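Engineer: here is a sequence together with a model predicted from it:
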Amino acid sequence: MLISADTVSSSRRSISQQTPTVLSSSFENTPFYLNHPEHASPPSAQMSYIIVANDSSETIYVMVSKYSTAPNGDDSWFPVASLSSDTWSREGWELVAFKNEQDSRRAGVYVPVDSTVTFVDFAHIDVKTE
C-alpha cells in the first residue's frame, strides 16, 4: 500500500491540532502531578512520562533517574502518599527507585517512558508499559 505525501501531511495536521488530554488519577480523582518544579504542569498525550502509583498503605519515597534528560530534570527523592500517584517527564529508559521513610528498605526497576510503575510493597512492584 502506498501513502501519498498529501495523506501524511493531512495526518500530521490532524494530530497537531488535537487538544492535549490531561490524564487523571484512578486514585480519588487527584491529578498525577504535584506542584514542584519536576511536575509543574500536567502530562499531555504527546509528552513522554513515567507514572508512579503508590498502592501501599504507607507513604513511600520515589526517585526517578534523569539519564535521558540530564542535566534537566530532578532525581531527588519525592514522597508519594498512600493510594496516590505522581508523574515524571522523561525521554528514555530510567531507573525508578523506592525507599521507606527510615531508608532501611529499597527496591527499584528500570523502565521505558510511557510506563506506569505501581508500588505494592518492596517485593511487589508492577510495571505496565503502553
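Structural biologist: Perfect, I can see it now. Source: prediction; values computed, not measured.

Engineer: specify the beta-bridge partners of residue 110.
Structural biologist: residue 95 (DSSP bridges).

Engineer: check contacts around it.
Structural biologist: 93-96 (CB atoms under 8 Å, 6 or more residues apart in numbering). Using the backbone N, CA and C atoms, a C-beta is placed for each residue, glycine as well.

Engineer: and residue 116, how many neighbours?
Structural biologist: Neighbourhood size, residue 116 [other CB atoms under 10 Å]: 19.

Engineer: where does it land on pLDDT?
Structural biologist: We have a pLDDT of 98 for residue 116.

Engineer: run through who's touching the helix or strand containing it.
Structural biologist: For residue 116, the host element (DSSP states H and E) is strand 115-121. By CB under 8 Å, 6+ apart, the surrounding residues in contact with strand 115-121 are 50-56, 60, 62, 80, 96, 98, 109, 111, 125-130.

Engineer: can you pull out the helices in this structure?
Structural biologist: Along the chain, the stretches classed as helices by DSSP state H are 5-16.

Engineer: so where's it shaky on pLDDT?
Structural biologist: 1-47 (pLDDT under 70).

Engineer: now do the strands in the protein.
Structural biologist: Assigned by DSSP state E, the strands in the chain fall at 49-54, 60-64, 78-80, 84-89, 94-99, 106-111, 115-121, 124-129.

Engineer: closest to residue 70 out of these?
Structural biologist: Distance to residue 70, taken as CB to CB, is lowest for strand 94-99 among the strands of the chain, at 10.7 Å.

Engineer: which strands and helices sit next to that closest one?
Structural biologist: Helices and strands touching strand 94-99, by 3 or more CB pairs under 8 Å, 6 or more residues apart in numbering; DSSP states H and E, are strand 49-54, strand 60-64, strand 106-111.

Engineer: before we move on, the earlier item: now restrict the contacts of residue 110 to buried residues only.
Structural biologist: Neighbour counting with 16 or more other CB atoms under 10 Å marks 94, 96 as buried within the contacts of residue 110.

Engineer: make TSV out of the contacts of residue 110 and add distance to residue 119.
Structural biologist: Below are the contacts of residue 110 laid out as TSV (distance: CB to CB, whole Å):
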residue	distance to residue 119
93	19
94	15
95	14
96	9
